[in-house]
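1. after the sequence you'll find the predicted model.
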Amino acid sequence: MSIFDLLNGSKTRLIDPAQALPGRSEYAYPIPAMHAVLGSPIQGPFPADTEQLYLGMGCFWGAERKFWRMPGVLTTAVGYQGGFTPHPTYEEVCTGRTGHAENVLVVYCPEQTSTEEVLRTFWENHDPTTGYRQGNDVGTQYRSAVYCSTPEQLALAQRTAETFGEVLTADGWGPITTEIAMAGDKPFFYAEEFHQQYLHKVPNGYDCHSATGLHLPPVEGEPPLRGV
């Protein structure tokens, strides 16, 4: 075990499923019905003309605000995903013993904003090379992740990772550590109401993202939008 692991409670190693906290069969807290900013439902079923992506890029407070500000986004929500403990609490996730990442559900209309544009916001607003940390936030819950709802999303996520990886390498950064997978076997558990749209409720609250400052070039021939 490294000194880094000792100082951070060994939270920089993904837990074995057999060691995960047991969780529970239902939420230990109520889930708000509506988005505090957009006024839209945060739970499905969502309209047929929308798609869903689940994105992990460090602390979900600041990450969620990046997406609710995008044109064409119907709703967003924060939650826990990619781990082993059903219906965890925030306190349980912070122990590193659930295996979950802090993720953002992004529900968007492809006719108004493309999947590529959502992924561009993802890649350009965190550091996807740092493994189980973002900036000073250390632990497996802060890992970079893309969980997709369709095979088309998955293929594009992989292509954008390859393209952005080339940009990173050319600038001297390490390899991308982002997990890219289908969301089917990775249920999304909504976080507590306090965390939903946190930076709307606490405008000067914590927002730490260690972006690289680099940009994702167009992958499908679309010019990138800026200012998100």
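-> Received the coordinates, thanks.

2. how near is the residue most central in space within the chain to residue 44?
-> Closest residue to the average C-alpha location of the chain: residue 56 at 1.9 Å, with C-alpha atoms, centre = their mean. Using C-beta to C-beta, to the nearest Å, we find residue 56 at a distance of 19 Å from residue 44. Placement of C-beta: from N, CA and C, glycine included.

3. coming back round to it: quick one: contacts for the residue nearest to the centre of the chain?
-> Residue 56 makes contacts with 63, 81-82, 101-104, 142-147, 179, as judged by C-beta atoms under 8 Å, 6 or more residues apart in numbering.

4. show me those that map onto helices.
-> Cross-referencing the contacts of residue 56 against helices under DSSP state H gives residue 63.

5. just the buried residues of the contacts of residue 56.
-> Neighbour counting by 16 or more other C-beta atoms under 10 Å classes 63, 81-82, 101-104, 142-147 among these as buried.

6. max pairwise distance over these: which two?
-> Maximum pairwise distance among those (C-beta to C-beta): 15.5 Å, between 142 and 147.

7. OK, contacts around the closest residue to residue 189 other than its chain neighbours?
-> Spatially, and ignoring its direct neighbours in sequence, residue 189 is nearest to residue 80 (4.7 Å; C-beta to C-beta, 6 or more residues apart in numbering). The contact partners of residue 80, taken as C-beta under 8 Å, 6+ apart, are 88, 93, 98, 100-103, 141, 188-189, 191.

8. could you dump the residues you listed to a markdown table with pLDDT?
-> Below are the contacts of residue 80 laid out as a markdown table (pLDDT from 0 to 100):
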| residue | pLDDT |
| --- | --- |
| 88 | 98 |
| 93 | 98 |
| 98 | 98 |
| 100 | 98 |
| 101 | 98 |
| 102 | 98 |
| 103 | 98 |
| 141 | 97 |
| 188 | 98 |
| 189 | 98 |
| 191 | 98 |
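
9. from those residues, which is closest to residue 73?
-> Of all the contacts of residue 80, residue 73 sits closest to residue 103, with 15.3 Å by C-beta to C-beta.

10. give me the beta-bridge partners of the closest one?
-> Beta bridges link residue 103 to residue 56, residue 79, judged by DSSP bridges.
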